[in-house]
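>>> Got a predicted model here, sequence first, then my questions.
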Amino acid sequence: MKKDEVKLMKGNEVIAHAAIRYGCDAYFGYPITPQSEVMETLMELKPWESTGMVVLQAESEVASINMVYGAAATGKRVMTSSSSPGISLMSEGLSYLAGAELPCLIVNCQRGGPGLGTIQPSQGDYFQACKGGGHGDFHLIVLAPSSVQEMNDFVADAFDLAFKYRNPAMILADGAIGQMMEKVVLAPQRDRKTNEYIAEECKSWAACGRGEERRPRNVVTSLELQSEAMEVINKRLQAKYKAMEENEVRYEMIDCDDAEYVIVAFGSSARICSATVELARAEGIKLGLLRPITLYPFPKKPIEELAERGVKGFLSVELNAGQMVEDVRLAVNGRTKVEHYGRQGGMMYSPGEVLEALKEKIINK
Amino acid sequence: MLNNEEDKTMKETLIIAGFGGQGVLSMGKILAYSGVMQDYEVTWMPSYGPEMRGGTANVTVVISDRKISSPIAHQYDTAIILNQQSMDKFEQMIRPGGTLIYDTNGITRHPVRDDISVYTIDATVECVKLGNAKLFNTLVLGGYLKVCPVVTLENVFEGLKRSLPERAWKMLPQNEEAIRHGAEIICKVR
């Protein structure tokens, strides 16, 4: 890291910078704590004057996500951001985006719920993000950053994956990652894709004009009233999700090689648990950490392999009442014990509290 | 500041707490940027919750030579306290052996703990004397750095510059002077 390139920024500010630098075409959003700095930063940077990126404050989250739908249908790189209650408002749109196979980026800087809940950090939207977040059989691609640097990196990754699979992608952050300032090196500025490029890249599906050869009209819709035809679409979507599960799983393992016990944690929670691993190792407890980076597709296989290898117990540590633990249990599939430890309401645990929970729920049980 | 003699690691977990407008958040930012200049890892976590709506502001800054696990702390090495509400809330959250620095202005209930080091810095009065209320937070920062020299003065000046927009750079000399002066006016209570 060169000192001059290192900036000190909030996670939310970094999302804005990274979107402009990726060559994002448009942002539509509505303010909500703790993610408001995303749009505030975009408004301050005025990318419409530099790259030509559109930034628009919509009248609501419902309007934002439908603007994303409209713009994504033209093959443009578009995004929105919100926090938990706002994402709930968007969930109909998410289902339509997935149904119409439109690529886009959604950032959820989670706060505690249910309802309006609190504005403090939480990971209570794991189910919502990973198990649909709207009606119908669909999945979002879900990336969970655990540092401000990853808020930068994952913007490009999420857009790339969204276009690779023509599927909405979500960055699932939380109030701690969004609000904290940390060292970051921003990505270099890329050019926005030209209309000609998009017409070529997306001509098979996007509403980007019929071109000189007068291509057949593309219709962007999630509606199909013929059951036989709808099932074909459903199967195609499922095949796509299967391909994601095979090719796009990302995770980080810390000290898992000789681990007798493994903590599974993502996002800000994984940071805290990395310190728990150090505390445990200092006491002679062979503890490892598996950090899912993609929450969907979930890193099922490495967990399965650890269980197969004889890990004595898994603790899923989450800022919620126990959500990811269900996926850990499915992966472990009864081979050994899996427990959950969490805090809620915007409260966070310390590395020591996690270690105590590990002893109580796994080691001494 | 926790200097572990055995493995030579350094970690400082600091809370700065006061009223909105006192420069609490920007003081934390200057310090965090100074840490960046010294090649340390840093996190800066503001209060953005209900307390902010009540007019008080606080920021937790962690500076370390190793990866920082959590930007949120339950216990602090040092607390810089700039109003009574913050004194009531944070005095008990300093670790035994830690440090409390406070401005006596507006404080009606002084700290009572005897297992921590206590310092006062009358920066409110001093910046009035200097004729510039905006120097309040850099005076306090100077006092803090005298007691806890986590970063070199050279890096603090660089951090100060980087944390300010270019239009404010004309204020740099006065603020650098305030940081030096803050080191002179901090007093040890116990």
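Arrived safely, thanks for sending.
>>> Every contact and neighbour count from this point should use C-alpha atoms.
Fine.
>>> in the longest strand anywhere in chain B, what's buried?
Under DSSP state E, the strand in chain B containing the largest number of residues is strand B:9-19. Under the neighbour-count criterion of 16 or more other Cα atoms under 10 Å in any protein chain shown, strand B:9-19 has B:10-19 buried.
>>> Show me the strands paired with it, marking each as parallel or antiparallel.
Within its sheet, strand B:9-19 is paired with strand B:2-4 (antiparallel), strand B:56-64 (antiparallel), strand B:76-81 (parallel), according to DSSP bridges.
>>> neighbouring contacts of the longest one?
Looking back up the chat, that one is strand B:56-64. If you take Cα atoms under 8 Å, 6 or more residues apart in numbering or on different chains as the criterion, strand B:56-64 is touched by B:9-20, B:24-25, B:28, B:31-32, B:35, B:40-47, B:51, B:68, B:71-73.
>>> Just the mean pLDDT for that strand, thanks.
Per-residue pLDDT over strand B:56-64 has a mean of 94.
>>> ok, now stretch A:252-268?
Per-residue pLDDT over stretch A:252-268 has a mean of 98.
>>> How many neighbouring residues does residue A:127 have?
Each residue near residue A:127 was counted by other Cα atoms under 10 Å in any protein chain shown, and the total is 14.
>>> Pull out the buried residues from the helix or strand hosting it.
Element membership for residue A:127 (DSSP states H and E) is helix A:126-130. For helix A:126-130, a neighbour-count test (16+ other Cα under 10 Å) marks A:126, A:128-130 as buried.
>>> Sort out which one of those lies nearest chain B for me.
Within those, the smallest distance to chain B is 20.4 Å, found for residue A:126 (Cα to the nearest Cα).
>>> give the contact list for the closest one.
Applying Cα under 8 Å, 6+ apart, the residues contacting residue A:126 are A:323-324.
>>> if we go to 10 Å?
Counting by Cα atoms under 10 Å, 6 or more residues apart in numbering or on different chains, residue A:126 touches A:110, A:132-133, A:142, A:172, A:295-296, A:318-320, A:322-324.
>>> Show me the one in the residues you listed that has more neighbours than the rest.
Comparing these on neighbour count, residue A:110 comes out first with 32 neighbours (neighbours: other Cα under 10 Å).
>>> In a helix, that residue, correct?
No: judged by DSSP: H, G, I helix; E, B strand; the rest coil, residue A:110 forms no part of a helix; its state is strand.
>>> Residue A:179 is in contact with that one, correct?
No: counting by Cα atoms under 10 Å, residue A:110 does not reach residue A:179; the two are 11.1 Å apart.
>>> where do the contact lists of those two overlap?
A:33-35, A:120-121.
>>> near chain B, from those residues?
Restricting the shared contacts of residue A:110 and residue A:179 to those adjacent to chain B (criterion: Cα under 10 Å from any Cα of the partner chain) gives A:33-34, A:120.
>>> Can I get these in TSV including secondary structure?
Listed next are those as TSV, based on three-state DSSP:
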residue	secondary structure
A:33	coil
A:34	coil
A:120	coil
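>>> of all those, which comes closest to residue A:151?
Distance to residue A:151, by Cα to Cα, is smallest for residue A:34 among these, at 14.6 Å.
>>> Could I get the contacting residues of that closest one?
Neighbouring residues of residue A:34 by Cα under 10 Å, 6+ apart: A:12, A:82-84, A:108-111, A:118-121, A:174-179, B:48-49.
>>> Equivalent analysis for residue B:96, please.
Residues counted as contacts of residue B:96 (Cα under 10 Å, 6+ apart) are B:75-77, B:113-117.
>>> Then residue A:185?
Applying Cα under 10 Å, 6+ apart, the residues near residue A:185 are A:1-9, A:14, A:148-150, A:152-153.
>>> repeat that with 7 Å
Residues counted as contacts of residue A:185 (Cα atoms under 7 Å, 6 or more residues apart in numbering or on different chains) are A:5-7, A:149.
>>> From those, keep the buried residues only.
For the contacts of residue A:185, buried by 16+ other Cα under 10 Å: A:6-7, A:149.
>>> Please identify the one among the shared contacts of residue A:110 and residue A:179 that lies nearest to chain B.
Nearest to chain B among these: residue A:120, at 6.6 Å, using Cα to the nearest Cα.
>>> Apart from its chain neighbours, what residue comes closest to the closest one?
Take residue A:120 and drop its neighbours on the chain: the residue closest to it by Cα to Cα, 6 or more residues apart in numbering or on different chains is residue A:346, 4.4 Å away.
>>> That neighbour: neighbour count?
Neighbourhood size, residue A:346 [other Cα under 10 Å]: 23.
>>> in a strand, that's where it is, yeah?
No: with three-state DSSP as the criterion, residue A:346 is assigned coil and is not in a strand.
>>> isn't it right next to residue A:122, touching?
Yes: Residue A:346 lies in contact with residue A:122 (Cα atoms under 7 Å); the separation is 5.5 Å.
>>> Turn the contacts of residue B:96 into CSV, including distance to residue B:152, pLDDT and neighbour count.
Formatted as CSV, these follow (distance: Cα to Cα, whole Å; pLDDT from 0 to 100; neighbours: other Cα atoms under 10 Å in any protein chain shown):
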residue, distance to residue B:152, pLDDT, neighbour count
B:75, 25, 92, 18
B:76, 21, 96, 25
B:77, 19, 97, 22
B:113, 30, 97, 14
B:114, 29, 96, 10
B:115, 28, 97, 13
B:116, 24, 98, 19
B:117, 22, 98, 17
